[in-house]
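Chemist: predicted model follows, preceded by the sequence.
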Amino acid sequence: MTEVPLSSCYRLLGHGPVLLVSTRGLLHPNVAPIAWHSPFDRDPPQFLLTISSGHATFENLLREGELVLNVPGPDLASAVLAAGRVSAHEVPDKFSHLGLRALPSARVSAPRVEGCLAWIECRLVDESLARSQEIVRVEAVRAETVEGAWSEGFLDIERFPTLHHLGGSRLGVLRSLLPS
Ligand SMILES: Cc1cc2nc3c(=O)[nH]c(=O)nc-3n(C[C@H](O)[C@H](O)[C@H](O)COP(=O)(O)O)c2cc1C
């Protein structure tokens with residue numbers, strides 16, 4: 001693992017990859033794809049996500065105050081779609097159902113998803129915004145990538161491409177960099 005400075009962790013999400021958001025549940029950890037998100041501030045490092053209040057993920061987050069933003073690669077494309085088709089309200093142990101493994105996080109009790117490219121561990125910072133607008137504002141407390149994916153201050157998308165949601169069940173992959 002490579003630790004990413006919190007002041008730079010917006011660079012893991014600024015290009016809009018679909019995320020697997022993992023939370024701690026009462027009985028089982030949970031995981032759901034979230035495509036609607038944005039960096040909000042660099043210092044403190046904060047992000048906004050739109051998460052429907054009907055999702056088990058939302059309930060877990062409001063109860064526990066923590067989540068992990070997991071950045072999956074193309075090998076997890078089918079798991080991303082499958083995780084979006086079922087709710088933990090119907091299938092309580094989605095990790096097992098999807099064949100995913102939960103790993104312990106460094107700073108929060110919500111787990112990480114094994115096999116992802118990067119992880120941002122976060123705490124909820126504005127509960128009233130979440131309850132009134134379903135807009136979740138979280139602050140990063142730890143960010144890491146798999147070894148080699150964080151290169152010269154950026155995510156190396158050529159070696160570690162990211163998944164992007166075009167709507168419905170359509171996903172694309174970002175893997176090429178233009179000269180700067
Ligand atoms: C690719 C993809 C992206 C999604 N993005 C969002 C999103 O940004 N916000 C949201 O509320 N739901 C989103 N969803 C829907 C939830 O992931 C889905 O309803 C999921 O089953 C909720 O699971 P849970 O109830 O176990 O938390 C998305 C689904 C897919 C497949």
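Modeler: Yep, that arrived.

Chemist: just the strands in the protein please.
Modeler: Ranges of strands within the chain are 2-3, 19-23, 30-34, 37-41, 46-50, 66-71, 102-103, 112-113, 118-124, 135-145, 150-151, 154-155, 162-167, 170-174, based on DSSP state E.

Chemist: near the ligand at all, the longest one?
Modeler: I take that to be strand 135-145. No: Strand 135-145 does not reach the ligand (CB under 6 Å from any ligand atom); its nearest approach is 9.4 Å. Any C-beta I mention is one placed from the backbone N, CA and C, and that applies to glycine too.

Chemist: for that strand, which strands pair with it and how are they oriented?
Modeler: strand 2-3 (antiparallel), strand 46-50 (antiparallel), strand 118-124 (antiparallel) (DSSP bridges).

Chemist: same check on the fourth one?
Modeler: According to DSSP bridges, strand 37-41 forms sheet pairs with strand 46-50 (antiparallel).

Chemist: circling back: same list (the strands paired with strand 135-145) but as JSON lines, adding distance to F40, mean neighbour count and mean pLDDT.
Modeler: Below are the strands paired with strand 135-145 laid out as JSON lines (distance: least, CB to CB, whole Å; neighbours: other CB atoms under 10 Å; pLDDT from 0 to 100):
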{"stretch": "strand 2-3", "distance to F40": "22", "mean neighbour count": "12", "mean pLDDT": "98"}
{"stretch": "strand 46-50", "distance to F40": "4", "mean neighbour count": "19", "mean pLDDT": "98"}
{"stretch": "strand 118-124", "distance to F40": "11", "mean neighbour count": "24", "mean pLDDT": "99"}
